[in-house]
Every structure is written in C-alpha cells, then in structure tokens.
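Q: just need the structure, nothing else, for what follows:
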Amino acid sequence: MSRSRQISIDQRRAFLVASATVLAGLPFGIPKPILASNDERAAKSHGGGRAKSVILFFLCGGSSHIDMWDLKPDAPLDYRGPFQPIATSAKGVMVGEHLPLTAKQMHHLAVVRSVSGSVNTNDHHAGYYYQLTGHVPDPTFLSQGNDRRPYADDWPFMGSVVGSRRPLHPSLPNAMTLPHKPSKAPYTRPGQFSARLGVEFDPLYVHGSLEEPLKFQAPSLVLAGDVTAQQLQSRQKLLEKLDGARRDFDRSRKVQTWKQHQHRSIELMMSSSATTAFDVASEPESVRERYGKSVNSMSLLLARRLVEAEVPFVTVFWKENEAIANKCKSAGGWDTHGNNFGCLKENLLPEFDQAFSALVEDLHQRGLLDQTLLMVTSEMGRKPKIGDPRSGGPGGAGRDHWTHCMSVVMAGGGIRGGQTVGSSDRYAEYPAEHPVTPADIAKTVYHAMGIEDLHARDTQGRPYNLLDEGKPIAQLFG
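A: Modelled structure (predicted):
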C-alpha cells in the first residue's frame, strides 16, 4: 500500500474517532491558545476575579425585556401592555408582576437595562452569535440568513474562552451545555462553539427531555448495547497497540488533537464523578419541588450541581415546549410573535420565575453565589410596539424581534446585587443612559472570572486577540 493511501486511511480513521465524541462540534483546527498565568487570572481591580464558575441561562427565542425587567408604566398602552411593575427586595428596583419569586431575590441581582445588540438581520442567528461571542456578526449573516452555518473560523463562544483559560478539570469538561443544542439541524445557531480557538474547547452537550426531566446524558458518552466498562478498557488497550505502529503519522498535530478527544471521552465514560454529577434524581424531593418539574428547572438544578463540582462554565439553553408553539406563534420558547402576554403569564414566566429564583436562593444558601457568576440573557429583546404583522398585527397581541435594546441580569461572582445599570428610553426601544454592547457583557464575564489576557495564536502561530472590543462594566462590581 502506498504511503499516501495509508495516510488517507489513517486520516479517515482519526476523523471517525473524533466524530464519536460530542467534544468535536465543528470542523477541526489546531488551537494555539496562550493561557493566562495565575497572576493574570487574579484580576485585582474593580472586584474582578472572584468567580470560579459561570452559569449562563439563555432564554432561547428572544425574551421580552419590557415585560420582565424594564417595564414602562407611563408609556402608551400599545407599548406597555397589561403587565404592571411590582416592588422587589431591592429598594427602588421594580420588575414585572409575574416574577414574584424573583422579586424576593432582587437584592442579589443586578439588571443592565441598556444593552444594544443591534444586528443587521434583527434575527435569531445573528443575535445568538453577538450575545454568545461578543463579536458583531459579519456580512454572511445577512447574505445567508437562517442558512448561515457555524464555521470553523467563527469567533469563539465565551464559555469556550473561559474553559480554555482554566486548568483541565480532573473528571469533567471545562465547559458544558444543557439540555439541548439550539436549534434543530440544519439550523444550528452559530456562536455556541469554540470555532477558531480549537475543537478541544467545544462544550460537552448534555441532553435532557421534556418527557423525562430527571434524566440527563451525553449521548456519545453512553456505552452502546451490552458493552461493559471492562470491555471498553480492553478495546482501548488494543487500539493503543495498533496506534503504536503508526508513530510517524501520530506525530501530526491534528491526530494528537483527536487522540486527546478520544482519551478524554473514555475518561468521562469511566468517571464515577460524571455519573454522580448528572444524577439530579438524588436531590431531596423538597429541593426538586422548589425548582419545579420541567426540564428547564432540572437543568438549572444540574447546573448548580456542576458548579459544586467546580466546572468552570455551564450553559443552560431554555428548551422549547412545542405544545405551546401554536399558541405563541413560535417554536414554543420566548419567541412570542403572537399572544405575547398570554404565553408569558400562563407558561413562560411561571416556569422561569420558580426555577430561576430557586437557583439564586440555592446558590446563596450553599455559600456558592459569591464564587458563581450567574447571568440571564437572550439573543434579543422584544419589540416594544405591540402587534407583529406575522400574527395578525395589534389583534394578535404579539411582539416582534428587537435587537436594539434588551436587558441582561447578573448575580454573584463579585456583582453587587440590588441595582440597575443604565436605562432605556421611555418606550424601551433604545438605550438612553450608559449604553453597552454584548462585547461589554462578555468582557464583564471574563473580568469576573479573572481573565484579563485574551491573547491566542492561530494555526500559523500568529498572535491575535479573542475580543478587542468592549470593556467590563465597572459599576456592576461592589
């Protein structure tokens, strides 16, 4: 057999091995990160560096800032809608009336009401990308629309950046995402992968379901059929012997990257720590009841367990409920094109309010809130003027997409609770005071985690900065 043909076969085998793991979410590349030193990780100014972990709660679809965090009771009715603001545990801070449990935790929370995430499409794909990476979407988002796929040279997800700056966790990945990967193929949302940073920093996806909210698993880390752990170990030893015959080829950097994935996947399958961390059913029934019974509720409970296990970055993407899709003229999430107020009041807000308030309370009671940065965001806000043409105009009582202004909620990790930062105009359409961008939000996350050095190297060894734009929001830190 010719050497060129042998290399081709070996390359194919390496690709198949890597494809068997969910750690390889995108086409491969050779990452060259420059890891920050311990001194660089410990930011000493403006309250940074206190967070050991991040929980990002992302409300898929575009949550309505004007109905949750930034109500405008003095605006005309066709803007403000029927919801009223209520007082909270933080003096002078108001939230929507359908967040009564969250209102009791407001002294822990800070709301940034002046986030401008305007994108050229005013749509989901670009919104995800901007919010998750801090980078303005490039022109391909406009030219390709919902056909725009995640690319290997995209800017990396902030969770991957954080994971790349932390020492390798002894038994779990540094970045984990649950309970699903938005959105349904082939419309996978860009921005949630490590991309140019290198596939070894992709999050591990842990799947949950509406039908079995207590069951979480990473599909590619589940042993197939009747394969036992002992058999897996035997097969791995055989593969190691076979691999030893190809030392020249194995010195290539790409194959070494895939070997790291293979080794890491087997470690995870064999790890009792991973199994224990995923077992939310072992939580006391009273704790599970406090969070609620949905898969989103249990995902937040699992997120708490993962930060207890010192996983640096955990993302919970709100899982849509198709049972309310027709009611809300959406995919069953926060994309409330129709019946915005009924869907929020009867479905979305009660589930969110119970689960999110439980997470804040739980982290605080366990002494974890100060070392855990908690963030709630979405790909966009909702249009303040009521009446989406796609759902019958004003009569359909929906709110359309709106990327020009939104609110982001933060807590823990050095954030001073009980405050608001910035403001929007009288209609909640555009930032008025202290406007910030998703780049500023991302830089705030990095700052809270003590990550100040964002230098990396590309596949040619050339240095670049992972995020030039933005700066931490200093007012947030106490």
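Q: in this protein, which segments are predicted with low confidence?
A: Across the chain, the ranges flagged by pLDDT under 70 are 1-47, 219-273.
Q: show me what contacts the residue nearest in space to the middle of it?
A: Nearest residue to the geometric centre of the chain (C-alpha atoms, centre = their mean): Thr315, 3.7 Å. Thr315 sits next to 55-56, 58, 159, 175-178, 192, 203 when contact means C-beta atoms under 8 Å, 6 or more residues apart in numbering. Where you see a C-beta, it was placed from the backbone N, CA and C, and this is true even at glycine.
Q: rerun that using 10 Å as the cut-off
A: Neighbour list for Thr315: 54-58, 132, 157-159, 175-178, 192, 203, 205, 299, 303, 375 [criterion: C-beta atoms under 10 Å, 6 or more residues apart in numbering].
Q: repeat for Val307
A: Contacts of Val307 were listed using C-beta under 10 Å, 6+ apart, and they are 51-55, 313-314, 363, 366, 368, 371-374, 412.
Q: just to be sure, it is in a strand?
A: No - read with DSSP: H, G, I helix; E, B strand; the rest coil, Val307 is helix and lies in no strand.
Q: buried stuff in the helix or strand harbouring Val162?
A: Assigned by DSSP states H and E, Val162 belongs to helix 158-164. The neighbour-count check on helix 158-164 (16 or more other C-beta atoms under 10 Å) flags 158-164 as buried.
Q: quick one: these as CSV, columns for distance to Asp279 too.
A: Shown next, in CSV, are the buried residues of helix 158-164 (distance: C-beta to C-beta, whole Å):
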residue, distance to Asp279
Met158, 28
Gly159, 23
Ser160, 26
Val161, 29
Val162, 25
Gly163, 23
Ser164, 28
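Q: relative to Lys184, which of those residues is nearest.
A: Nearest to Lys184, judged by C-beta to C-beta, of these is Gly159 at 21.0 Å.
Q: the helix or strand harbouring Tyr446 packs against which elements?
A: Using DSSP H and E, Tyr446 sits in helix 438-448. Contacts defined by 3 or more C-beta pairs under 10 Å, 6 or more residues apart in numbering; DSSP states H and E place helix 438-448 against strand 53-58, strand 109-115, helix 124-133, helix 158-164, strand 372-377, strand 406-411.
Q: now distance to Ala331 too, for the ones you listed, in CSV please.
A: Conversion of the helices and strands packed on helix 438-448 to CSV gives the following (distance: least, C-beta to C-beta, whole Å):
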stretch, distance to Ala331
strand 53-58, 14
strand 109-115, 23
helix 124-133, 10
helix 158-164, 23
strand 372-377, 18
strand 406-411, 19
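Q: which of the buried residues of helix 158-164 lies closest to Ala277?
A: Ala277 lies nearest to Gly163 out of those, by C-beta to C-beta, at 16.1 Å.
Q: I'd say that closest one and Thr177 touch.
A: No - the pair Gly163 / Thr177 is not scored as a contact, 11.0 Å apart, by C-beta atoms under 10 Å.
Q: common neighbours of those two, please.
A: 157, 202-204, 313.
Q: let's see if you can find the most crowded of those residues.
A: Phe157 (32 neighbours; other C-beta atoms under 10 Å).
Q: what sits against that one?
A: With contact taken as C-beta under 10 Å, 6+ apart, Phe157 is in contact with 25, 56, 128-129, 132-134, 150, 163, 175, 177, 190-195, 197, 201-203, 313, 315, 442.
Q: of those, select the buried ones using a PyMOL command.
A: Restricted to buried positions by 16+ other C-beta under 10 Å, the PyMOL selection for the contacts of Phe157 reads:
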select buried, resi 25+56+128+129+132+133+134+150+163+175+177+190+191+192+193+194+195+197+201+202+203+313+315+442
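Q: helix, strand or coil: sort out Ile86 for me.
A: Ile86 ends up strand, using three-state DSSP.
Q: quick check: closest non-adjacent residue to it.
A: The shortest distance from Ile86 to any non-neighbouring residue, by C-beta to C-beta, 6 or more residues apart in numbering, is to Glu97 (4.8 Å).
Q: which ones are touching that neighbour?
A: Contact analysis of Glu97 by C-beta under 10 Å, 6+ apart lists 67, 71, 82-86, 103, 345, 349.
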